[in-house]
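Trainee: coords please:
(one chain, ligands or ions: 2)
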Amino acid sequence: MSFLAAALGDDLTLKIHAAKILVVGAGGIGCELLKNLVLSGFENITIVDLDTIDVSNLNRQFLFRSQHVGMSKAIVAREVALQFNPKATITAHHENIKTSRYSIEYFEQFALVLNALDNVDARKHVNRLCLAANVPLIESGTTGYLGQVSVIQKGTTECYECTEKATAKVYPICTIRSTPDKMVHCIVWAKECYKLLFGKTADSMLYEDPANEDKSAFMDQVLARDLPPAEYARGVFRGLFEDEIQKKLDIKTYKTATKMPQPIVLANLALPPAPVANWNDRMVWSLEAAAQAFLDAVAAILGSNDDVGSLEFDKDDVLAMLFVAAAANLRAHVFQIPTESLFACKGIAGNIIPAIATTNAIVAGLQVLEAFKILRLAAKSASVAETCKYTYCNRSWDGRGVLLNPVALSAPNPKCFVCSRQVLDLALLVKGTTLQQLVDHVLKKRMGMNAPTVSIGANTIYEEGEDAEESLRVNLAKRLDELPGGGIHHDTVLTVEDFSQDFNSSLCIKDWVPPAKAEEEASFNFLLGPEWAKWKADQEPKADVTMHDDDDIVVDDTPGKRKTPSDMPSPAHKRAKH
Ligand SMILES: Nc1ncnc2c1ncn2[C@@H]1O[C@H](COP(=O)(O)OP(=O)(O)OP(=O)(O)O)[C@@H](O)[C@H]1O
Ligand SMILES: [Zn+2]
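Mentor: Ligands and ions are numbered 1, 2, ... in the order given. The predicted structure follows:
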């Protein structure tokens, strides 16, 4: 430590010892970061992580060993890091950083916050709390060989939400529903199938009105929920992989296809006796094994889960993954697409890019260097924006022969609805939208709010959080135009607030009829801010413009890690629902 003190100087060394810092996340980056911080002389650290240690973490989260599997990441990370410097005070919390106890006042006690997270949602939340508490935030992320570190300070630098974090992939809906030609299409379909059978059925892209005479052949089997699980599983199998495919062949849906789909006749399969769940997950199943896995998974999910009807796919849920891998493989058999192992399916389903320990180590090291710069500044007149850098790791040497690229931090985006509090246009079909959809899809999922309050003028129509008025929940089921206080119409300005994040914004509603096709009826479309501006600009008459992506869907398979600029699709790419 004395060499370090000589290198850093007494002044900075003292500041490092005294600084109270918060680390959010004790995963791949967090373990490296905590180790670095302790070895750099930081002695007052709080670490928060909601997760427990999984065996798959051990290859890169070096504070953890096999005896720790199942234990809290934050608590084990604390115990192991203390061994590097027993004098340090490390406080560990096995909790979600979004819980109300981590309030703005809580954040105010820290000199610095360092993020080591893996999802955009938690990053947005910490971003808002750091802005509200006026504490500098050192943000980080890695995706395979790519990684970046940036520093956020209220009012002087870009915040985490000044630029759109656009990572969702877009697939044409007809490819998913009718003409898959890659395993990823089958997996997207299988995830929708999971929602159809075990989640919110009507929200699935595969759902069709049971009263519709032309509905797909599988709908009746899907809705026959009072059958015993094993019988139900066989019925759904026949509906999805035999009857529906045969029906489409009969009505010549595939007459121009180069490869004709082949229905799978369950009665003709010699199913293996052993349960497939015990097999090696790197093996590619035979058709019979995939069929058995499908039947087992459906029966097991129905038999073991009280939440059927509201389940959401999670790649780490063994039964959910078994179902998706089996359903995707069966569909791949039907469409003569090369099949994949459960392990490979999990990679595609979770959109996993393998984490690279070295990238995590580089990024965690860069975070500590930025922390040194911020502490050095404390008493001086220079600002974070002038001194700190946004640094990204390239995949290979760039034209100048560098792997690590430090660039100046950008100024706040004056159009940012978070740090510049701009009014945003929100276009949606007013008479086709409920308050619940607005709250779930726009306010929470898209705008990153945790406990939203919604008001029209002085009328609060909905609120969440501590002391929230429960009676307002009845408004969730109402259509926007039927809400109290005259309802929401074209050009109504809504105030949306989250007191826990010191966040507020105004949304100017634009009544918009999405040019949805029949397949899209079940999904909820909206355009927010720049997307609406682009939509309007695209409507201006132009010579010879081909609208090619009418029937695209956005597949929510966001890997959750922030990407480097070169890797980021443009915001317009994010929701190409034209
Ligand atoms: N809201 C949150 N509150 C606290 N910790 C969080 C929150 N969201 C994510 N984390 C933690 O951030 C860490 C991110 O680490 P990392 O990217 O290595 O993910 P992982 O879950 O360990 O690995 P993988 O996703 O590859 O299985 C995880 O330990 C995760 O539990
Ligand atoms: Zn911003």
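
Trainee: which parts of stretch 398-407 are buried?
Mentor: Within stretch 398-407, the residues that count as buried by 16 or more other C-beta atoms under 10 Å are N405. Every residue, glycine included, has its C-beta placed from N, CA and C.

Trainee: Let's see the distance spanning that stretch from one end to the other.
Mentor: Using C-alpha to C-alpha, to the nearest Å, the end-to-end distance of stretch 398-407 comes to 14 Å.

Trainee: For stretch 265-284, what is the distance to the chain centroid?
Mentor: 32 Å (C-alpha atoms, centre = their mean, to the nearest Å).

Trainee: for stretch 94-109, same thing?
Mentor: Relative to where its chain is centred, stretch 94-109 has its mean C-alpha point 21 Å off (C-alpha atoms, centre = their mean).

Trainee: State the mean pLDDT of it.
Mentor: Mean pLDDT, computed over stretch 94-109, is 96.

Trainee: what's the answer for stretch 464-478, then?
Mentor: Rounded mean pLDDT across stretch 464-478 is 92.

Trainee: Only alpha carbons, please: show that stretch as CSV.
Mentor: Listed next in CSV are the C-alpha coordinates belonging to stretch 464-478 (Å, rounded to 0.1, in the frame of the first residue of the first chain):
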residue,chain,number,x,y,z
GLU,A,464,-47.9,4.1,-6.6
GLY,A,465,-45.4,4.0,-3.8
GLU,A,466,-45.6,4.6,-0.1
ASP,A,467,-49.0,6.1,1.0
ALA,A,468,-50.4,5.8,-2.5
GLU,A,469,-54.1,6.2,-2.7
GLU,A,470,-55.4,2.7,-3.3
SER,A,471,-58.8,3.8,-4.6
LEU,A,472,-57.2,5.2,-7.7
ARG,A,473,-56.3,1.7,-8.9
VAL,A,474,-59.8,1.3,-10.4
ASN,A,475,-58.6,3.8,-13.1
LEU,A,476,-56.1,1.3,-14.4
ALA,A,477,-58.7,-0.7,-16.3
LYS,A,478,-60.2,2.4,-17.9
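
Trainee: is it fair to say V113 lies in a strand?
Mentor: Yes. Per DSSP: H, G, I helix; E, B strand; the rest coil, V113 lies within a strand segment.

Trainee: helices or strands up against the longest helix seen in the chain?
Mentor: Assignment by DSSP state H gives helix 357-377 as the longest helix of the chain. Under the contact criterion of 3 or more C-beta pairs under 8 Å, 6 or more residues apart in numbering; DSSP states H and E, helix 357-377 touches helix 10-18, helix 28-39, strand 112-115, strand 137-143, strand 146-152, helix 384-387, strand 389-393.

Trainee: Give me the buried positions along it.
Mentor: In helix 357-377, counting by 16+ other C-beta under 10 Å, buried: 359-364, 366-371, 373-377.

Trainee: from the middle of its chain, how far away would that helix be?
Mentor: 25 Å.

Trainee: That one - what's its average pLDDT?
Mentor: Averaging pLDDT along helix 357-377 gives 97.

Trainee: May I have the secondary structure class of K510?
Mentor: Per three-state DSSP, K510 ends up strand.

Trainee: and the angle for the longest helix of the chain with helix 10-18?
Mentor: Between helix 357-377 and helix 10-18, the angle comes out at 110 degrees (axes from the mean of the first three to the mean of the last three C-alpha atoms, to 10 degrees).

Trainee: contacting residues around G70?
Mentor: Neighbouring residues of G70 by C-beta atoms under 8 Å, 6 or more residues apart in numbering: T52, I53.

Trainee: The single nearest residue of the stretch 251-400 of the chain relative to ligand 1: what's its closest spatial neighbour, skipping adjacent residues?
Mentor: When scored by C-beta to the nearest ligand atom, the stretch 251-400 of the chain has A355 as its residue closest to ligand 1, at 5.1 Å. Spatial nearest neighbour of A355, excluding adjacent residues (C-beta to C-beta, 6 or more residues apart in numbering): G28 at 5.1 Å.
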